[in-house]
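Enquirer: Kindly return the folded structure for what I paste below:
(chains A and B)
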2 protein chains.
Amino acid sequence: MSERIGQVVKEFRAYTRRMKDYTETIGVMSWDMRTGAPKKGLGQRSEVIGTLSGDLFKMSISPEMKAFLDVLAEPDTYGKLDPITKGIVRECKKEYEKSHAIPPELYQEYVVLTNKSESAWEDARKNNDFASFRPYLEKILEYTNRFLEIWGYKGHKYNTLLDHYEPGMTVETLDSLFDGLRLKTVDLLKEIQERGQATNPSFLEQHFRKEEQRRFSHLVLQRIGYDFDAGRLDESAHPFATGLNPGDVRITTRYDENDFRTAIFSTIHEAGHAIYEQNISAELIGTLLSDGTSMGIHESQSRFLENIIGRSHEFWSCFFDDLLKFFPRQFQGVSLEQFFRAINQVQPSLIRVEADELTYNLHIMLRYELEKALIGGDLTVAELPGAWEEKMKDYLGVVPPNDADGVLQDVHWSFGAFGYFPSYSLGNIYAAQFEAALLRDVPDYREAVRSGEFGVVKKWLTDNIHKHGKLLEPKEILESVTGEAINSGYLVRYLEDKYTQVYNL
Amino acid sequence: MSERIGQVVKEFRAYTRRMKDYTETIGVMSWDMRTGAPKKGLGQRSEVIGTLSGDLFKMSISPEMKAFLDVLAEPDTYGKLDPITKGIVRECKKEYEKSHAIPPELYQEYVVLTNKSESAWEDARKNNDFASFRPYLEKILEYTNRFLEIWGYKGHKYNTLLDHYEPGMTVETLDSLFDGLRLKTVDLLKEIQERGQATNPSFLEQHFRKEEQRRFSHLVLQRIGYDFDAGRLDESAHPFATGLNPGDVRITTRYDENDFRTAIFSTIHEAGHAIYEQNISAELIGTLLSDGTSMGIHESQSRFLENIIGRSHEFWSCFFDDLLKFFPRQFQGVSLEQFFRAINQVQPSLIRVEADELTYNLHIMLRYELEKALIGGDLTVAELPGAWEEKMKDYLGVVPPNDADGVLQDVHWSFGAFGYFPSYSLGNIYAAQFEAALLRDVPDYREAVRSGEFGVVKKWLTDNIHKHGKLLEPKEILESVTGEAINSGYLVRYLEDKYTQVYNL
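Expert: This is a model prediction of the structure:
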């Protein structure tokens, strides 16, 4: 590599490090806003975050960035870069191409629109009034279509949107993944419903004091390998994880004193996200690759920990004595078997975020199909509530009594995040594939979980997935770990096994 | 004002608003670092704060800033500006002149030096080893002298340093303020020591559970007018207040379960700082004038609330019933009178931050005189420990058994903050002057405090001091409120009255 290129690399690394510093900054301020910043300062704080985000955005499409990419993304030069610089160039190029192409005025109008639209959605949901939200959603679709004309697309228009959240994912792949999954899920659901309740789960809905829940959550987090020297657990209205840097990955949870499941499973879920980022390789710290590689892979880590590990018989076999110590009154006379069945109960319901592990994917497929139809021009916003009801009935056999609990339940569309929903189910699909690979490499991993040796699992995840951060793309990670392309068959098998165990199918 | 000037003002206001946004950002990140950020992320976090601070510094000396000042600080134009823009121009000009004159390499060397020096100081204090810190302090003095050659000075060299913390303050003024104060303080101290203990304060050193202390602190904060919708109370190793914006001014405290005084008085002290910034006029929000006007005025607000209000008989008369409710066992049989005397006990001691209200100023004068001699070239760093001991003996009658509890006790010199210490006593002097003015305007204010009507005092402080933020300079505020120049006679009188009451002199 020539001296000149060496110098450009050095400057590019410093420039992108600064971008990462800004990203961490915005992360700290957003975390603070959501975990306890005093309300009278929030207006000013939003403006400050706006300023910093604007500055970061400008860096990503600046003339300096263009000059860096002109040199470093040039194929001959690119081929000779070290892997980390290469990864950063790849990510910056993607971002540059996506953002630079949009005329700034158009983008500015869109930002203003989505801000208004999010408030409009909040009001609409509160008042159960889809009509008041409809013009906003129509406008957002209009802008999305204009952006798509600029970005271009291969095959279905929706592919470009999918690619923003899950690099390389297409409608063709998703359709085939989801088709098999949907049929099997509907079959399984029918079988389960014929079987009736596996147990009466009402013991989960007693009074559980927040303080004990908090302490129990801490105990579980510590044992499963969440590093409290590189993180902290707080409360927020909606649980989230935020990786500021691998030495500071925070999670939040929400305590419901009348439902044991709320806090513990959202805590484990967020810990899955957090353990991912805590274990990103040290050499990536301070680079734009110090992050999860995609929404889908990130979600695979949270869902793996929450569902495949956290709702397993082995996991609760490990924690059952502690559970009884923390909540002796509530779980008096409850067996491990009953507890395991209760936390895995399947029950079709209206709200995605409250859905069980099996029916959850049906909620996602419904949204995916509606998004695809909206973007493809096969469905209008006006027809959306009707289409929602119809699909709910088809897939889940339940019909929302109103739009607030139906088409208005999620925030995503209000800020134009079309293409985001599939990541949740991709997370489940990846997670099951990873588990199969784990079982191949560590055949007795379930026994390790039962005896509380979570280190075995954590080490495998770190070595195979976490340490890479965003250095490898999702496809590369999946293929290097499993030797296969994405395949929903593993999730189907996992679900069949799981519910055979829970419901004695 | 011409259209062109109008346009420059508009751009200047946007530019400086961005600087304020960066200031808030750095504030949030520093607060976070000091209140619970996980330790493994601190290294990376320091770098991020460094990046943002560097960017803010660059804005303050940029060619754009120079161009703004060239237009707006031009006397004719300046005279026609609105008061807020005028104030911002004044502050930016001061900062520009101070920072721009220093060659960037020199400044960079100095930043590196002070970082190392602060660690060296920490180690030196831990190991009671002044010799290891001495070369750092010598270097820092060397740089300070180089800066002073660049900045220039009128009269004593130290004047320029004083001016950085307290605009307009000079050695001449300080010497005359402190001379009177020192003589009277030493006299009063002698009288008090002859009188012996006013009461036995050992009941303050029982076990006080943190949780009750926390709740009691909240109660007091709420009543004295700290707005929890615009703030929050956390814990940190060293208590501090930080004003992110007037809607978000946070305080921290430190709980000592074996000493009742630690948390409550530091909480009230920080609340004094915080109430100042919470009540800055709304029109200043987002400008560089949304801040306290100087270190001394800021400290006057904390010391007014902590000492003049918070250690008064009236204050504890108001809170005594609550005190007994929170700590019935600890204060069983203790009278209001005894309590009042105990929290106002005078006892010469080694450590500034633990000093009582009377002897505190002696600690400051000692540091002031040593700083002045160091800067003036009348004292070498090598002679410093000896000079320290001598003055301690002279002023306080106690001699530190080692340098850790003597010349090494404060962090300030390790990062070159010469000129900072006098602000603490200036705060006391201003506070007493303000109290005299309050008494003139609201003659029954003490009765109001006794009946818990703190709103009266808060309103007076807001109208006269707080609302102005940094719009008025310290001198202007003092003179507009009191009609007088700075005068330590009020503090002397206040101290005489106070200790006459406490010790029946």
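
Enquirer: Could I get the average pLDDT for stretch A:442-450?
Expert: Taken as a whole, stretch A:442-450 has an average pLDDT of 98.

Enquirer: now stretch A:46-54
Expert: 92.

Enquirer: same check, this time on stretch A:471-480
Expert: Averaged across stretch A:471-480, the pLDDT comes to 97.

Enquirer: And the contacts of it?
Expert: Outside stretch A:471-480, the residues within contact range by CB atoms under 8 Å, 6 or more residues apart in numbering or on different chains are A:83-84, A:87, A:166-168, A:281, A:284, A:289, A:293-294, A:296-297, A:430, A:433, A:464-465, A:468, A:484-486. Quick note: C-beta positions are derived from backbone N, CA and C, even for glycine.

Enquirer: If you go by neighbour count, which of those are buried?
Expert: Buried members of the contacts of stretch A:471-480, counted by 16 or more other CB atoms under 10 Å in any protein chain shown: A:84, A:87, A:166-167, A:281, A:284, A:289, A:293-294, A:296-297, A:430, A:433, A:464-465, A:468, A:486.

Enquirer: In helices, which of the contacts of stretch A:471-480 appear?
Expert: Here DSSP state H is the test, and those give A:83-84, A:87, A:296-297, A:430, A:433, A:464 as lying in helices.

Enquirer: which of those sit farthest apart?
Expert: A:Ile84 and A:Gln433 (26.6 Å; CB to CB).

Enquirer: Tell me who's in contact with A:Tyr331.
Expert: To be clear, residue A:331 is Phe; Tyr isn't right here. A:203, A:323-324, A:339.

Enquirer: Could you point out which of those residues is nearest to A:Arg195?
Expert: A:Phe339 (18.7 Å).

Enquirer: is it true that that closest one touches A:Phe320?
Expert: Yes - with contacts counted by CB atoms under 8 Å, A:Phe339 reaches A:Phe320, the gap being 7.0 Å.

Enquirer: Next, give phi and psi for A:Thr253.
Expert: phi -140, psi 180 (degrees, to the nearest 10).

Enquirer: Count the neighbours of it for me.
Expert: By other CB atoms under 10 Å in any protein chain shown, the residues close to A:Thr253 number 25.

Enquirer: now do A:Arg440
Expert: A:Arg440, neighbours per other CB under 10 Å, totals 11.

Enquirer: And A:Leu113, by the same measure?
Expert: Neighbour count of A:Leu113, defined by other CB under 10 Å: 18.

Enquirer: nearest residue to it other than its sequence neighbours?
Expert: Leaving aside its chain neighbours, A:Leu113 sits nearest to A:Lys139 (5.8 Å; criterion: CB to CB, 6 or more residues apart in numbering or on different chains).

Enquirer: model confidence over the helix or strand hosting that neighbour, on average?
Expert: According to DSSP states H and E, A:Lys139 maps onto helix A:130-151. Per-residue pLDDT over helix A:130-151 has a mean of 97.

Enquirer: Give me the buried positions along it.
Expert: Here helix A:130-151 shows A:130, A:133-134, A:136-137, A:139-141, A:143-144, A:147-148, A:151 as buried, counting by 16+ other CB under 10 Å.

Enquirer: quick one: which of the residues you listed is nearest to chain B?
Expert: Taking CB to the nearest CB as the measure, chain B lies nearest A:Tyr143 of these, at 26.7 Å.

Enquirer: Contacts only, for the residue of the stretch 401-505 of chain A found nearest chain B.
Expert: Per CB to the nearest CB, A:Gly469 is where the stretch 401-505 of chain A lies closest to chain B, at 14.1 Å. Taking CB under 8 Å, 6+ apart as the criterion, A:Gly469 is in contact with A:280-281, A:284, A:289-293.

Enquirer: Not counting residues beside it along the chain, what's closest to A:Asn200?
Expert: Spatially, and ignoring its direct neighbours in sequence, A:Asn200 is nearest to A:Ala342 (7.7 Å; CB to CB, 6+ apart).

Enquirer: thought the one you found was touching A:Gln206?
Expert: No - taking contacts as CB under 8 Å, A:Ala342 lies outside contact range of A:Gln206: 11.9 Å.

Enquirer: returning to that earlier point: in JSON lines, list the buried residues of helix A:130-151 along with distance to A:Leu358.
Expert: Putting the buried residues of helix A:130-151 into JSON lines (distance: CB to CB, whole Å) gives the following:
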{"residue": "A:Phe130", "distance to A:Leu358": "28"}
{"residue": "A:Phe133", "distance to A:Leu358": "30"}
{"residue": "A:Arg134", "distance to A:Leu358": "32"}
{"residue": "A:Tyr136", "distance to A:Leu358": "33"}
{"residue": "A:Leu137", "distance to A:Leu358": "30"}
{"residue": "A:Lys139", "distance to A:Leu358": "36"}
{"residue": "A:Ile140", "distance to A:Leu358": "32"}
{"residue": "A:Leu141", "distance to A:Leu358": "31"}
{"residue": "A:Tyr143", "distance to A:Leu358": "36"}
{"residue": "A:Thr144", "distance to A:Leu358": "32"}
{"residue": "A:Phe147", "distance to A:Leu358": "35"}
{"residue": "A:Leu148", "distance to A:Leu358": "34"}
{"residue": "A:Trp151", "distance to A:Leu358": "36"}
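
Enquirer: Quick check: of those residues, which lies closest to A:Gln44?
Expert: For the buried residues of helix A:130-151, the residue nearest A:Gln44 by CB to CB is A:Tyr136; the value is 26.0 Å.

Enquirer: That closest one: what's it in contact with?
Expert: By CB under 8 Å, 6+ apart, the neighbours of A:Tyr136 are A:113, A:116-117, A:120-121, A:414.

Enquirer: Taking the centroid of chain A, which residue is nearest it?
Expert: A:Glu299 (3.9 Å; CA atoms, centre = their mean).

Enquirer: can you pull the pLDDT of that one?
Expert: For A:Glu299, pLDDT reads 98.

Enquirer: Same question for A:Thr242, what's its three-state structure.
Expert: Judged by DSSP: H, G, I helix; E, B strand; the rest coil, the three-state class of A:Thr242 is strand.

Enquirer: A:Thr262 and A:Glu453, how far apart?
Expert: From A:Thr262 across to A:Glu453, the span is 28 Å (CB to CB, to the nearest Å).

Enquirer: Those two: which has the busier surroundings?
Expert: The residue with more neighbours, out of A:Thr262 and A:Glu453, is A:Thr262; 19 against 15, by other CB under 10 Å.

Enquirer: just to revisit the earlier point, so what's the residue nearest to the centre of chain A up against?
Expert: By CB under 8 Å, 6+ apart, the contact set of A:Glu299 is A:423-424, A:426-428, A:430.

Enquirer: Tabulate those (CSV), appending distance to A:Leu362.
Expert: Formatted as CSV, the contacts of A:Glu299 follow (distance: CB to CB, whole Å):
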residue, distance to A:Leu362
A:Ser423, 16
A:Tyr424, 12
A:Leu426, 15
A:Gly427, 15
A:Asn428, 12
A:Tyr430, 18
